[in-house]
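Participant: Provide a 3D model corresponding to the input given below.
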Amino acid sequence: MNREAIDLEERFSHFDEVWSPKVIARLNDYEIKLARLDGEFVWHSHQETDELFLVLSGSLTIQLRDGNVSLGPGQLFVVPRGVEHCPITDGGQVRVMLIEPAGVINTGEAGGELTASHDDSLA
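Facilitator: Residues are numbered from 1 along each chain as shown. Sure thing, here's the model as predicted:
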């Protein structure tokens, strides 16, 4: 059992790449991930799970087919399972925390060049 606090700033200092979530902790069958986002992602969905976005810094819009959700630091949004969405940053890099079941692929059903490999090196 790890008895040390996880310092988010320290964990962010270990990577610069965007759209490539890093696992920093586990909670039951869930992974807590940090990610840097910049620009527009790909439209995708996760048929088997909801996806939680918690903005730590910057401004993020979660584009949905029926409207958008704008988020700033300290705000979160849960994208329901099966809902197509596309995150886009609003002028610069955004830092987020994601909470998802273990093994969720960042591009969901869409795949493509932005699909990140599973990285739990920061856990």
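Participant: Quick check: end-to-end length of stretch 107-123?
Facilitator: One end of stretch 107-123 to the other measures 21 Å (CA to CA, to the nearest Å).
Participant: Okay, buried residues for stretch 80-89 please.
Facilitator: 83-89 (16 or more other CB atoms under 10 Å). Glycine gets a C-beta too; all of them are placed from N, C-alpha and C.
Participant: and that stretch, how far from the chain's centre?
Facilitator: Stretch 80-89 sits 11 Å away from the centroid of its parent chain (CA atoms, centre = their mean, to the nearest Å).
Participant: mean confidence score for it?
Facilitator: Taken as a whole, stretch 80-89 has an average pLDDT of 96.
Participant: Can you pull up the most central residue in this protein?
Facilitator: In the chain, the residue lying closest to the centroid (CA atoms, centre = their mean) is residue 98, at 4.1 Å.
Participant: returning to that earlier point: which pair in the buried residues of stretch 80-89 spans the largest distance?
Facilitator: 83 and 89 (19.7 Å; CB to CB).
Participant: Tell me if I'm right that residue 32 and residue 102 touch.
Facilitator: No: assessed by CB atoms under 8 Å, residue 32 is found out of contact with residue 102, at 10.5 Å.
Participant: neighbour-wise, which of these two wins?
Facilitator: residue 32 (19 against 13; other CB atoms under 10 Å).
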